[in-house]
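Chemist: here are the coordinates; sequence isn't available:
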Ligand code: 4UU
């Protein structure tokens, strides 16, 4: 059964992201309104600053690097208030932005630079050695690396970079003319339903649609100045300055990228940027700035529920908190509300959907606790019989639709659904049908109020604290270790950490010559980013369960893991 969003359809933007955010005629807040503030230094960029620096940066790209439409700029950095101007400047110059986790190893970042065809890279000085080495391996020259952050021996913040560009020459440039539906704004990396990370092509239209869909779903509860009557949960008095968002999620991941680096330019809500989450700084900033809203992930909710430090701060300014990127239990939401009076709703989505699909409602956050909320406007959903990944080609499978309340795989269709994987039509065809239906690989049900509950996944993906861990990638590394002949990686839910952790099952060449597991752990950890480490351990097995076509039966391994935990 196909269900349409309960929201009325929105008129969707037909312009590129830069025009949509910076040239709109119905903007209520002035150029001088602060949008991004560094949580540690208080350095602030107003809306006008972001626009100006973005245009400078875009002109710098065009004059310095002969930047052409479709060129790709990669950013490998923790969140930084200089990132939004760099992103918008690249889009202004007609480019595509590919964000990467700064924790990546040389091998991981090289893969993304190579696959995306990046022409230049922006990185924080603290990550320069890794990025330089990766650039060396893919042929990006040192003078195509732009450094963020303050350090004496660096080339300075990006403003310095634009000041060495020939801006005289640059002023001749105007914004590029873009085709919003076909030109890619972002190439973010996701493993999708199966395999290694792939470039998810998100068009300008995908992103502008999702920014608008999100505003409607928040029911305009987020206000830039506090003078508007807030609809559902009042702002704390005095309402000076309106809402304040605390941005503690990384801009390099699609969740933070959309809700924290892009959407504030539309809503005008001042966003305090914390580049790396730690519980004390988070609490201090909520208290100091009277933060009214924060986007979080389940392990942060765990801190709010359990960490002793939290109760020594005044967090009463928080009107709402939204968790997403991984499952969150009802139990934790209730514990936090009981302990601190902090409301938590959930959002759900994927890199492939720009990312937001479902959002919990402000006015009914305590109805159906644990729900991911309601479908955003302009979207359609159907719940289908889960497709068994191990049995063959998804493109050929016609999913059987299920009814309201039945549990199955979610398929969605709408303006924020991606264009396809970069250079990988086969992977695209496996999850995106010719008439626009996208299979999410997530399993759940929708109740009579239209609220979604995610209960499982049929795809391989593991999520560690909201970060993607692609089993196929980890398995690719493991078989390189001497003595390993076969392996499989699955996710195990760790309640104490409120996250899944990856566990490897390994078959050795000679069962009589056991592997040194600690050595394998050390060897493996040096090859992957921190979030991909095998925190769930390594188990030696005689064989990996597989079906007749050789696909790993991950369900069987999960059952083994469950039996082990219950033993
Ligand atoms: C159970 O993590 C993301 C997107 C996060 C997001 C999106 C919209 C958070 C809030 C929001 O409003 O993207 P990816 O591509 O890294 O991972 C996507 C996967 C999903 O397929 C699902 O398995 O992350 C999982 N996921 C969730 N699982 C995302 N949100 C949830 C959730 N509950 N609330």
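Modeler: Happy to help now that I have it. Note that the coordinates shown come from a computational prediction; the quantities given were computed from them, not determined experimentally. Numbers count the residues shown, from 1 in each chain.
Chemist: which parts of this protein sit against the ligand?
Modeler: 190, 254-255, 324-327, 346-351, 355-356, 359, 372, 440-442, 454, 457, 463, 466, 468 (CB under 6 Å from any ligand atom). Where you see a C-beta, it was placed from the backbone N, CA and C, and this is true even at glycine.
Chemist: out of those residues, which are inside helices?
Modeler: Judged by DSSP state H, those include 254-255 as members of helices.
Chemist: could you measure the closest residue to the ligand within the stretch 451-567 of the chain against residue 184, distance?
Modeler: Proximity to the ligand, evaluated over the stretch 451-567 of the chain using CB to the nearest ligand atom, is greatest for residue 454 at 4.1 Å. For residue 454, the distance to residue 184 (CB to CB, to the nearest Å) stands at 28 Å.
Chemist: got it, and residue 361?
Modeler: 32 Å.
Chemist: what about these two, which has more around it?
Modeler: Neighbour count, other CB atoms under 10 Å: between residue 361 and residue 184, residue 184 has more, with 24 against 19.
Chemist: thinking that one is in contact with residue 202, fair?
Modeler: Yes: using CB atoms under 8 Å, residue 184 makes contact with residue 202 at a distance of 6.6 Å.
Chemist: Which element, helix or strand, includes the residue nearest to residue 90 when sequence neighbours are not counted?
Modeler: Leaving aside its sequence neighbours, residue 90 sits nearest to residue 73 (CB to CB, 6 or more residues apart in numbering; 4.5 Å). Element membership of residue 73 [criterion: DSSP states H and E] is strand 72-76.
Chemist: which helices and strands sit right next to that strand?
Modeler: helix 83-92, strand 96-100, helix 106-116, strand 120-124 (3 or more CB pairs under 8 Å, 6 or more residues apart in numbering; DSSP states H and E).
Chemist: how about stretch 488-497: buried residues?
Modeler: 488-493 (16 or more other CB atoms under 10 Å).
Chemist: ok so, going back, need the residues touching each of residue 184 and residue 202.
Modeler: Contact criterion CB atoms under 8 Å, 6 or more residues apart in numbering; residues shared by residue 184 and residue 202: residue 419.
Chemist: Which residues are in contact with the residue of the stretch 1-150 of the chain found nearest the ligand?
Modeler: Distances between the stretch 1-150 of the chain and the ligand by CB to the nearest ligand atom are smallest at residue 101, namely 10.9 Å. Shown in contact with residue 101 (CB under 8 Å, 6+ apart): 76, 108, 250, 252-253, 467, 529, 531.
Chemist: Residue 140 too?
Modeler: 113, 118-121.
Chemist: Now the closest residue to residue 359 other than its chain neighbours. Its backbone dihedrals?
Modeler: Nearest residue to residue 359 in three dimensions, chain neighbours excluded: residue 217, at 3.9 Å (CB to CB, 6+ apart). The phi/psi pair for residue 217 (degrees, to the nearest 10) reads phi -70, psi -30.
Chemist: Could you count how many residues lie near residue 217?
Modeler: If we define neighbours as other CB under 10 Å, then residue 217 has 24 of them.
Chemist: my guess is it contacts residue 379, does it?
Modeler: No: applying CB under 8 Å, one finds residue 217 not in contact with residue 379, separated by 10.4 Å.
Chemist: Okay, now the unreliable bits of the stretch 351-500 of the chain?
Modeler: Along the stretch 351-500 of the chain, the parts satisfying pLDDT under 70 run over 388-397.
Chemist: If we use 80, what do you get?
Modeler: For the stretch 351-500 of the chain, the stretches with pLDDT under 80 are 387-398.
Chemist: Can you name the residue of it nearest to the ligand?
Modeler: Closest point on the stretch 351-500 of the chain to the ligand, by CB to the nearest ligand atom, is residue 351, at 3.4 Å.
Chemist: coming back round to it: what's across from the closest residue to the residue of the stretch 451-567 of the chain closest to the ligand other than its chain neighbours in the sheet?
Modeler: Leaving aside its sequence neighbours, residue 454 sits nearest to residue 444 (CB to CB, 6+ apart; 4.2 Å). Residue 444 forms beta bridges with residue 408, residue 454, as assigned by DSSP bridges.
Chemist: and residue 444, how many residues sit next to it?
Modeler: Neighbourhood size, residue 444 [other CB under 10 Å]: 21.
Chemist: For it, which residues are in contact?
Modeler: The contact partners of residue 444, taken as CB under 8 Å, 6+ apart, are 372, 383, 407, 410, 452-456.
Chemist: please redo it, this time with the cut-off set to 10 Å
Modeler: Residue 444 sits next to 327, 348, 358, 371-372, 383, 407-410, 452-457 when contact means CB atoms under 10 Å, 6 or more residues apart in numbering.
Chemist: Can you select the buried ones from those in PyMOL?
Modeler: The following PyMOL line selects those of those that are buried, judged by 16+ other CB under 10 Å:
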select buried, resi 327+348+358+371+372+383+408+409+410+452+453+454+457
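Chemist: ok, the contacts of residue 444 vs residue 60, which is closest?
Modeler: Closest to residue 60 out of these is residue 348 (38.0 Å), distances taken as CB to CB.
Chemist: Quick check: the closest one touching residue 370?
Modeler: No: counting by CB atoms under 10 Å, residue 348 sits too far from residue 370 to count as a contact (11.6 Å).
Chemist: what sits in contact with each of those two?
Modeler: Shared contacts of residue 348 and residue 370 (CB under 10 Å, 6+ apart): 327, 360, 453-454.
Chemist: Between which two of those is the distance greatest?
Modeler: 327 and 360 (13.8 Å).
Chemist: hang on, the earlier thing: relative to helix 83-92, how tilted is the strand holding residue 73?
Modeler: Here the directions of strand 72-76 and helix 83-92 differ by 170 degrees (axes from the mean of the first three to the mean of the last three CA atoms, to 10 degrees).
Chemist: Adjacent strands (with direction) for strand 72-76?
Modeler: Strand 72-76 sits in its sheet next to strand 96-100 (parallel), strand 120-124 (parallel), going by DSSP bridges.
Chemist: export those to TSV and tack on mean pLDDT, mean neighbour count and distance to residue 175?
Modeler: TSV is the format used below for those (pLDDT from 0 to 100; neighbours: other CB atoms under 10 Å; distance: least, CB to CB, whole Å):
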stretch	mean pLDDT	mean neighbour count	distance to residue 175
strand 96-100	98	26	15
strand 120-124	94	24	19
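Chemist: ok, now which ones touch residue 112?
Modeler: 74, 76, 98-101, 104, 118, 121, 134, 138, 187-189, 197, 199 are the contacts of residue 112 under CB under 10 Å, 6+ apart.
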